Structures are given as C-alpha cells and as structure tokens.
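[1] how does the following fold in three dimensions:
(2 chains)
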Amino acid sequence: MAVAQQPQEQQTQSKIPTKRIILWLGVISLLVFCLAPALWQLLTSFKTNDAIATIPTIYFPNLSELTFNHYITLGWNFLRYVFNSALVSVISTVICLGVGAPAAYTLARLNIPGKQIILSCVLVVSLFPYVLLFLGLLELVKYFGLGNNYISLIIPYTAINLPLTILVLRSFFLQLPKDLEDSAKIDGYRTVPMLLQIVLPLTLPALVTTGMLAFIFAWNEFIFALTFITKDEMLTIPVKVAQIGGASVYEIPYGPIAAATVLGTIPLILLVLFFQRRIVQGITAGAVKG
Amino acid sequence: MEDGGDGEDGGEQTTTNKQQPANKNQQPTNQQPKMQKDAIRQREQRTGWILITPALLVLALVFAYPIVRAFVLSLFTQNLGTELEPVFSGFTNYVRLFGDGRFWQTFGQTAIFTISSILLELVIGMVFALVLNETFRGRGLARTASLIPWALPTAVMGLAWAWIFNDQYGVVNDLLSRVGFIEDPITWLGDPVRAMIALIFADVWKTTPFIAILLLAGLQSIPQDLYEAHKIDGANPVQSFWSITLPLLTPQMLIALLFRFAQAFGIFDLIQVMTGGGPAGRTEMISNYIYATVRRYLDFGYGAALVVVTFLILIAAVAITAFLLSKTRINVTGER
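    Below is the predicted model of the structure:
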C-alpha cells in the first residue's frame, strides 16, 4: 500500500503538508487552550498537599503523590450543594420552557398588536447584566420575605433564561410547515389544544436544546445566589465553592478547592459531552436568527 | 411581517366557512367573510395575549421593575446617613457620581477590560472557527472540547485561575521560568497591570468558544463556490479570507461583539472571585462597585444612580450596534 501511494503523495507534498501542519497546529493549540486549565484543576484535586506545594511544579505525579483526601475532606456534605444547584436549575428550566414556549408560539404565528415591539424588547433585555437587576430584586425579596427561599432564585433564573428560550423556540416555530397547523384548524382544533397535541411534540428537540442552555445558565449564576441565599445548607455550587476559596486568607486550601471545582462542574461537563450538537444549535439560533 | 399575517387570514377563511352553521349572527353574504375574519382575528388575538402574558409578567417583574425602580430611587438619598429611609434629593446622586473618582476609575478599568477581552476573543475565536470549519479526524471531539470553557461556572473557574496565577505555586510562573522568560516568580494578582492581564486571559478563555460557535455558523453559510471562483482568479487563501470571509462574516461578528460587549461590561463573578477588585481597587469593575455600594456601604440611592448610568451606557452601545448591523445587512444584500 505504501508503495502504491507514494507517487500521489509526492505530487501533493508541496501543497498539502504545509496546510495540514498549520491545521493540526491550530487543532492542538485549541485543545490545549480549552482543556488545560480544567485538566490542571483535575490533576491538582488528586495531588497530595506536599505535591501541590512542591517547587518546581509536578506535572506527572507518582502514585505516592496522589490522593483522594481532598474529596474526603469535602465529604458527602458537598453533594448537598450539588443537589441545591440541580434543584433550582431544573425547576427554573421547566418553568422557563412552560412559560416561554407559548410566548414564542404567539410571537411566531399569532397576530397581536405590538408584536415587533415585544420582540425587540425581549432582544434588548437579553443583554442586561444581572448587576443592574439585583438592587431592585433585593428590595422585592426583602418586601415579600423571600430571603433564603429558592423562589427568590427560581423566578429570576426563569426570567434571565426567557429571552433566549423565546428567541430560539420562535425561530423553530417559524420553520415548522404552516400547512400542518392550517389543516389542524380545519379539523376543528382550537389554538391551545393544537399547540399541546400537535405542535409541541414536534418541538421536543428544540425544547431539549433550550432547556440545556437554560440549565447551564441557571447552574452558573452567581450574583443572585450570592445575594438572596445566606443559609449555608441552601447555597448553590458557585457560591459555595467561592466561599471555600475565600474562607481563610493565610492558608488557602487548594486541594479541596480543586476537588470542589471538579465535583461542581461534572454535571456540566457531562451535558456538554452528550449534547454538544444541541448546545451549539441553541447558541447559534439564539444569537443569529433572533 | 405583514405578508405572513395576510397569508394566515387567507388560510382562516376556509375554516370560517365550514363553521358557518354554528355562527348565530348571519350576515349578508358579501360582508360575511370580513365580519368573520374580524371575529377570528379577535379570537386569535385573545389567545395570543393569553399565551404570552405569563412570560411578559415574569420579564416585567425581573427586568422592567428593577430598572424603573432604579430610575426612581436614584433621585432619593437612602443610606446609613438617612437611617435607610428614602429622602428625596433630586439629582444629588448624579452630581456626586460626576465627581466620584472611584466611579471613573472603575469605569475606565471596565472599558479596558471589555475592549481588550472582546477584541482578543474575536481574533482567537476567528482562528478557532476557521480550524473547526476544516475537515479533520476528531473534529466532533474538538468541537466538544471547545465548548467546555463556555459551560463551566465562572465563579468556580475564577478560583482555578487564581490558583494557576498563584505567585508561589502557580503553573504560569513555573512554565515561564522553565522556558526562561523569568528568573524569579512574579506576582500576578498582586500587581495592578498583571492582575488585569490575568483577568482578561481568564475571560478570553471562558468566552472565546461562544464567539467561535457564532462565527463557525457564519462560515458554514458562505457558499464554497465563492472561494473556488476566487482561487481561479489566482487568489491565495489569505487573500480570500480578507476579501470573502471577513466581509461576509461582518453581521455575525457584530452580533457576537454586541452580546460580548454587554456581558463583559457587566462582568462581576470573575473579578469577585479571582481578585476581589484588588490590588487596591485597580481591577474593580462597575458591577463590583455597584455591588459594594449597595451591599457593603448600604447606599441604595447612590447604587441606583450607578445602575441608571450603566444602563444608559449599555443602551447607547446597543443602539449603535443595531444601527451598524442594519447598515451591513443592506450592504451585504446590495453586493449580491
């Protein structure tokens, strides 16, 4: 085989190898850039305290320099915060889809006055940094006595994910063949039953896509979680991990922090691994077609 | 928009005629379609409002109320001096803001952070998009890997970055000294300029995937023929990049820049976790200043004024980009 291919290779050698080499250099730097910081944290989480504090830095530790102790230090208690984050993220994602899908359908198909205005408001709102909102929300939370109540996170998380959900689902509804809905109407379907029984089942892939993005954003949110929840056993992952990091000024527990980083991000890494395509679809549909 | 609406009404007519017997107010035949069209339209509108109202309520509560409230509260003084009771004080807060050195300092730092990180992200994101657009073995894996920084929580990775840039044990110093760039370990987060560089690096790491994905979608929509034709004309890949890829990607680049501008301008968690705004406030951003004003100094009125000013700056930026975007859309279609 090698012999047969040789003439061909020689012909193209002058052009293709340089291009291929540049491409592979690009691929390798992309992988290093994206993965190295996360992998470094993973490695740190398994190194013994001595190995962590060794200079020059150890990149390939021996077995004796590895340990599970940092995970044991965190203990089962830490899973509590993973659970908190999961709870808040899942509930807010479900509500967001439930509220967002009908709104997206209206904006895609039904004629209501001021539709364009609503649509552009939704777009602009998706650009607001959360810090602009937390002052007003803090007042509301105090007024209704919702501090240390997950409602104070679930409602804002629903809201911050709504613009993206509405834009992505709307672009999906617009792509559905109109005939389908017309013939459903001729068959005597009213709008709402038609939406539930015919349109939504077809929308399932788009719902999964947007749900995934909403879940990730809710999981990662920091400023509201930092402000509205103060009880330790109710904290979400980002706040809890940041708290471990800021716990003591003099002796920062790098090992346990690294272990907490790993545990707190595993759910997200799994999502990315399994749903890479959908997430990419969601990001592009939300930003480009909106 | 209008076309869609008309088509829809045309479709409804068949439906209405079938339902005719059920309709009680019988109209003269030639008026009938119009009347029923109106009835259908009304019903459709009602359904539309019912479907959209919950979403609008949530958005109004979480987005509109806080902004409106900030405008109102910014005209009051409400801090420890007034025992946290709001006292009307007109534009005092804005006058104070104008002479507030810390505000202008954080504003400048936010601008530096925002501009450097989005420009770097645009360049690196473009390189990534070009790489991911080529065919090679393991492309799916590379795309998955490139999403990971985007998906991880900033607050959590902020700690990882603080560890990476640690002056004693940090891997950055170790690598730099191995390569021979530095003799002794240097302080990263303890030095104003280097702390800013570290923050920008961490932010670029986190958000480049977002830009790369948007640009990749744009790349995939450029017809391959354009490149082939250009190649026949004797152009090399670099020339086609400048004369085909870049102009046709302008809308995507503007959209990505707009999103990223808003996000970077409001950056909070990374700074809070990685440097805490230090050293000596030299990496503090507007968001962190607003947060400290409200939470630490309990100065609600002044915090509201800060919110209003930041909001107005953002709206101005959005308006400018939207204007540029509408212009490029016309240009693009005009060229074709």
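
[2] now do the contacts for the residue nearest the centre of chain A.
    Nearest to the geometric centre of chain A sits residue A:216, at 2.2 Å (Cα atoms, centre = their mean). Counting by Cβ atoms under 8 Å, 6 or more residues apart in numbering or on different chains, residue A:216 touches A:268, A:271, A:279, B:151. C-beta here means a position set from N, CA and C on the backbone, and glycine is covered the same way.

[3] helices - which of these land there?
    A:268, A:271, A:279, B:151 (DSSP state H).

[4] identify the farthest-apart pair in the residues you listed.
    Taking Cβ to Cβ as the measure, the ones in helices among the contacts of residue A:216 span a maximum distance of 10.4 Å, between A:268 and A:279.

[5] shared neighbours of these two, anything?
    A:216, B:151.

[6] just give the number of residues close to residue 121.
    No chain specified, so I'll use chain A. 17 (other Cβ atoms under 10 Å in any protein chain shown).

[7] ah, I was thinking of chain B
    Neighbours of residue B:121 using other Cβ under 10 Å come to 26.

[8] now the strands: where do they sit in chain B?
    Assigned strands in chain B, in chain order: B:76-77, B:87-88 (criterion: DSSP state E).

[9] to residue B:278, which of those lies closest?
    Closest among the strands of chain B, once you apply Cβ to Cβ, is strand B:76-77, at 29.1 Å.

[10] so where's the chain uncertain?
    Using chain A here. The model of chain A has pLDDT under 70 over residues A:1-16, A:246-252, A:287-290.

[11] let me rephrase: I mean chain B.
    For chain B, the stretches flagged by pLDDT under 70 are B:1-33, B:329-336.

[12] in it, where's the longest helix?
    Secondary structure of chain B per DSSP H: the longest helix is helix B:300-335.

[13] need the contact list for residue A:219.
    Going by Cβ under 8 Å, 6+ apart, residue A:219 touches A:85-86, A:89, A:236-238, A:267-268, B:153.

[14] how about the strands of chain B, which one is nearest chain A?
    strand B:76-77 (12.4 Å; Cβ to the nearest Cβ).

[15] partner strands of the closest one, with direction?
    Using DSSP bridges, the strands paired with strand B:76-77 are strand B:87-88 (antiparallel).

[16] list phi and psi for the residue of the stretch 201-336 of chain B found nearest chain A.
    Chain A sits closest to residue B:266 of the stretch 201-336 of chain B, with a gap of 2.1 Å, by Cβ to the nearest Cβ. Main-chain torsions, residue B:266, degrees, to the nearest 10: phi -100, psi 20.

[17] count of residues packed around the closest residue to it other than its chain neighbours?
    Closest residue in space to residue B:266, ignoring its immediate chain neighbours: residue A:129 at 2.1 Å, by Cβ to Cβ, 6 or more residues apart in numbering or on different chains. Residues lying near residue A:129 (other Cβ under 10 Å) number 22.

[18] circling back: can I get the contacts of residue A:216 in JSON lines with neighbour count?
    Formatted as JSON lines, these follow (neighbours: other Cβ atoms under 10 Å in any protein chain shown):
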{"residue": "A:268", "neighbour count": "22"}
{"residue": "A:271", "neighbour count": "19"}
{"residue": "A:279", "neighbour count": "22"}
{"residue": "B:151", "neighbour count": "23"}
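
[19] JSON lines please, covering the residues you listed and showing distance to residue A:225.
    Converted to JSON lines, those look like this (distance: Cβ to Cβ, whole Å):
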{"residue": "A:268", "distance to residue A:225": "16"}
{"residue": "A:271", "distance to residue A:225": "19"}
{"residue": "A:279", "distance to residue A:225": "22"}
{"residue": "B:151", "distance to residue A:225": "17"}
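
[20] can I get stretch B:175-190 in PDB, CA atoms only?
    What follows is stretch B:175-190, C-alpha atoms only, in PDB (Å, rounded to 0.1, in the frame of the first residue of the first chain):
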ATOM      1  CA  LEU B 175       6.100  27.400  32.900                       C
ATOM      2  CA  LEU B 176       7.500  30.900  32.300                       C
ATOM      3  CA  SER B 177      10.600  30.100  34.400                       C
ATOM      4  CA  ARG B 178      11.100  26.700  32.600                       C
ATOM      5  CA  VAL B 179      11.100  28.500  29.300                       C
ATOM      6  CA  GLY B 180      13.500  31.000  30.700                       C
ATOM      7  CA  PHE B 181      11.300  34.200  30.400                       C
ATOM      8  CA  ILE B 182      11.500  34.900  34.100                       C
ATOM      9  CA  GLU B 183      14.200  34.300  36.700                       C
ATOM     10  CA  ASP B 184      12.200  34.600  39.900                       C
ATOM     11  CA  PRO B 185       8.500  34.000  40.300                       C
ATOM     12  CA  ILE B 186       6.500  37.200  39.600                       C
ATOM     13  CA  THR B 187       3.300  38.300  41.400                       C
ATOM     14  CA  TRP B 188       0.300  38.200  39.100                       C
ATOM     15  CA  LEU B 189      -2.700  39.100  41.100                       C
ATOM     16  CA  GLY B 190      -0.800  41.500  43.400                       C
END
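
[21] brilliant, that's me finished.
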